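K.L.:
how would this look folded up:
(one chain, ligands or ions: 3)
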Amino acid sequence: MKTIVNPERSEWPELLKRPQFDVSDLHEKVQAVLTDIRQTGDAALRKYTQKFDGVDLEEFKVSDEEMNAAEKQVSSELKEAIQLTSANIEKFHAAQKPEIKKIETVPGVTCWQKAVAIEKVGLYTPGGTAPLFSTVLMLAIPARIAGCKEIVLCTPPGKDGKIHPAILFAAKIAGVKNMFKLGGVQAIGAMAYGTESVPKVNKIFGPGNQFVTAAKQLVSMNDVAIDMPAGPSEVMVIADESANPAFVASDLLSQAEHGADSQVILLANSQMLVHEIREQITIQLEYLPRKEVAKKSLENSLAIILKSQQDTLDMINEYAPEHLILCTEDYSKLAEKVVNAGSVFLGNFTPESAGDYASGTNHTLPTNGWAKTYSGVNLDSFMKKITFQELTPEGLKKIGPSIEIMAAEELLEAHKNAVSLRLKKI
Ligand SMILES: NC(=O)c1ccc[n+]([C@@H]2O[C@H](COP(=O)([O-])OP(=O)(O)OC[C@H]3O[C@@H](n4cnc5c(N)ncnc54)[C@H](O)[C@@H]3O)[C@@H](O)[C@H]2O)c1
Ligand SMILES: N[C@H](CO)Cc1c[nH]c[nH+]1
Ligand SMILES: [Zn+2]
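P.N.:
Ligands and ions are numbered 1, 2, ... in the order given. Got it, this is the predicted structure:
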């Protein structure tokens, strides 16, 4: 992790770039796999599951026996933790249900919008290097609360053709019935086009590696909607003298351990503080099973010393982090001015892991600066809104003449007639 002191604003764009990997032929390769899946369905899924996951699968669908067997393999402590987490995710997302508000824009003209669940959704849970069963809960619980009729879940099989029991248990708790052993591009292609064994969906959700992200982008051009670009995890921590260096180090490491392509950024107000946090990183790193992954990610990462509060705020909003942790004396004031971030964590006792697992907020969040325009997954992501309107004759009399004038000016005589004919009958 390099330290940079008071960089010039002109240097910020280069400094704040996410790690770049050579993806020049990525889209071409991913497109070839997608085309094969579209044309040959399950046969292609079999071929690429063998090639990329190293396993021959006859059946992709997870059976009821597998689901039930998993329940016995999960410890009671883990089951309790999953149940507590699920209850909190449920509480937080159920509270997001929109109310129908009927608005009378002028007397006799009533308009309202109704949120309706997307009928068929596809959820992806990464499983390449870590069994992210928490992602099952983050996606499947809001999908169920929204009322999605068909929920399809894909996650990669291990070399033994099995899925981690905690992923299966989480899926069961969340009410998922249609689950498939498919990872990477195979999963995204199958859900986007449908195959003999996998149903086609209307919208695909979930994070994943560069292959998953590229496949989601490609299928979203013509075939299916997607939630957002959710790529390699990242965190930005803002610290001053009130921050606990050990806590800050643990938060930086918690996102660094996700993948070699993750990025963590520390914004501090003194060299001394950066030094203390670095010391803690060195100590804590030694105990991490994923130390090598975290070390690689720290090579993509930065400690930046900024003296001015305004610079700190501007840098947060310029970087638009997936996760933002504010460990400063005046964190409430600072939080109010944040306009670009996926999820914000306030104070010394709010670790980013709380949002990853158990507080109730969603951990599927926009990365790579997309927090400037996208929200994280929430109940709305699983719904679309239909508008309704009803006019009385009195209402049509009020707005009809304006419609006639505008339609005529746009040279759309049929539009005008639709009003004029009715006005003559009132
Ligand atoms: N932003 C978020 O909300 C969020 C949440 C959790 C995880 N993540 C990110 O998700 C990612 C998880 O990645 P992962 O790799 O562990 O799991 P993954 O499930 O995304 O990918 C595994 C799949 O990649 C495919 N694959 C591997 N090598 C390939 C190749 N050479 N060509 C084509 N396909 C190939 C395989 O089919 C495999 O099943 C990490 O980058 C992590 O940071 C992001
Ligand atoms: N931090 C990840 C999102 O960037 C989500 C996650 C899942 N498990 C642990 N963490
Ligand atoms: Zn995490």
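K.L.:
In which helix or strand does the one residue in the stretch 301-426 of the chain that gets nearest to ligand 1 reside?
P.N.:
Of all residues in the stretch 301-426 of the chain, Thr364 sits closest to ligand 1, at 4.4 Å by Cβ to the nearest ligand atom. For the C-beta atoms, the positions are set from N, CA and C on the backbone; glycine is no exception. Per DSSP states H and E: Thr364 is located in neither a helix nor a strand.
K.L.:
and the nearest residue to it once chain neighbours are set aside, helix, strand or coil?
P.N.:
Excluding the flanking residues, the one nearest Thr364 by Cβ to Cβ, 6 or more residues apart in numbering is Val377, at 4.0 Å. Secondary structure, DSSP: H, G, I helix; E, B strand; the rest coil: Val377 is coil.
K.L.:
Do I have it right that Val377 meets Met138?
P.N.:
Yes. Counting by Cβ atoms under 8 Å, Val377 does reach Met138; the two are 6.7 Å apart.
K.L.:
Need the overlap of contacts for these two.
P.N.:
Common neighbours of Val377 and Met138, counting by Cβ atoms under 8 Å, 6 or more residues apart in numbering, are Asn362, Thr364.
K.L.:
which residues in the stretch 301-426 of the chain form helices?
P.N.:
309-319, 331-336, 352-357, 393-409, 413-424 (DSSP state H, counting those that start in this stretch).
K.L.:
Those residues of this protein touching ligand 1, which are they?
P.N.:
Listed as neighbours of ligand 1 in the chain under the rule Cβ under 6 Å from any ligand atom: 52-53, 126-130, 132, 135, 156, 183-186, 207-209, 211-212, 230, 232-233, 258-259, 261-262, 322, 363-365, 367.
K.L.:
Recalculate using a threshold of 5 Å.
P.N.:
Proximity of the chain to ligand 1 is confined to 52-53, 126-129, 156, 183-184, 207-209, 211-212, 230, 232-233, 258-259, 364-365, 367 under the rule Cβ under 5 Å from any ligand atom.
K.L.:
can you tell me which of these are in helices?
P.N.:
Among those, the members found in helices (DSSP state H) are Phe52, Asp53, Gly184, Phe211, Val212.
K.L.:
Quick check: chain neighbours aside, which residue is closest to Asp160?
P.N.:
Val55 (7.3 Å).
K.L.:
Kindly provide the distance from the one you found to Asp42.
P.N.:
Separation of Val55 from Asp42 (Cβ to Cβ, to the nearest Å): 15 Å.
K.L.:
correct me, but the residue nearest to Asp160 touches Gly158?
P.N.:
Yes. At 7.4 Å, Val55 counts as touching Gly158 under the criterion of Cβ under 8 Å.
K.L.:
all helices of the stretch 151-300 of the chain, in order?
P.N.:
Taking DSSP H, counting those that start in this stretch to define them, one finds helices in the stretch 151-300 of the chain at 165-174, 184-193, 210-219, 245-256, 271-285, 291-299.
K.L.:
and those, which is most packed in?
P.N.:
helix 184-193 (a mean of 29; mean count of other Cβ atoms under 10 Å).
K.L.:
Next, the angle helix 210-219 makes with it.
P.N.:
On the basis of axes from the mean of the first three to the mean of the last three Cα atoms, to 10 degrees, helix 184-193 is oriented at 20 degrees to helix 210-219.
K.L.:
before we move on, back to that, nearest to ligand 2, out of the helices of the stretch 301-426 of the chain?
P.N.:
Comparing the helices of the stretch 301-426 of the chain under Cβ to the nearest ligand atom, the one sitting nearest is helix 352-357, at 3.6 Å.
K.L.:
tell me what that closest one is packed against?
P.N.:
Applying 3 or more Cβ pairs under 8 Å, 6 or more residues apart in numbering; DSSP states H and E, we find helix 352-357 packed against helix 245-256, strand 323-327, strand 343-346.
K.L.:
between the ones you listed, which one is nearest to Ile173?
P.N.:
Nearest to Ile173 among these is strand 343-346; the distance by Cβ to Cβ comes to 22.9 Å.
K.L.:
Let me know whether that closest one sits next to ligand 2.
P.N.:
No. Strand 343-346 does not reach ligand 2 (Cβ under 5 Å from any ligand atom); its nearest approach is 9.0 Å.
K.L.:
Output the contacting helices and strands for that strand.
P.N.:
Applying 3+ Cβ pairs under 8 Å, 6+ apart, we find strand 343-346 packed against strand 323-327, helix 331-336, helix 352-357.
K.L.:
Glu150 against Asn202, yeah?
P.N.:
No. Using Cβ under 8 Å as the test, Glu150 is too far from Asn202 to be in contact (9.1 Å).
K.L.:
residues shared between the contacts of the two?
P.N.:
Jointly contacting Glu150 and Asn202 under the rule Cβ under 8 Å, 6+ apart are Glu119, Lys120, Val121.
K.L.:
Looking at neighbours, which among those residues is most surrounded?
P.N.:
Highest neighbour count within those, by other Cβ atoms under 10 Å: Val121, with 27 neighbours.
K.L.:
how about the CA coordinates for the helix or strand containing that one, as CSV?
P.N.:
Following DSSP H and E, the helix or strand that holds Val121 is strand 120-124. What follows is strand 120-124, C-alpha atoms only, in CSV (Å, rounded to 0.1, in the frame of the first residue of the first chain):
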residue,chain,number,x,y,z
LYS,A,120,-38.8,-14.2,-13.1
VAL,A,121,-35.4,-13.3,-11.6
GLY,A,122,-32.0,-15.0,-11.7
LEU,A,123,-29.6,-14.7,-8.8
TYR,A,124,-25.9,-15.4,-8.9
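K.L.:
For it, name the packing helices and strands.
P.N.:
Going by 3+ Cβ pairs under 8 Å, 6+ apart, strand 120-124 lies up against helix 133-146, strand 150-155, helix 184-193, strand 203-205.
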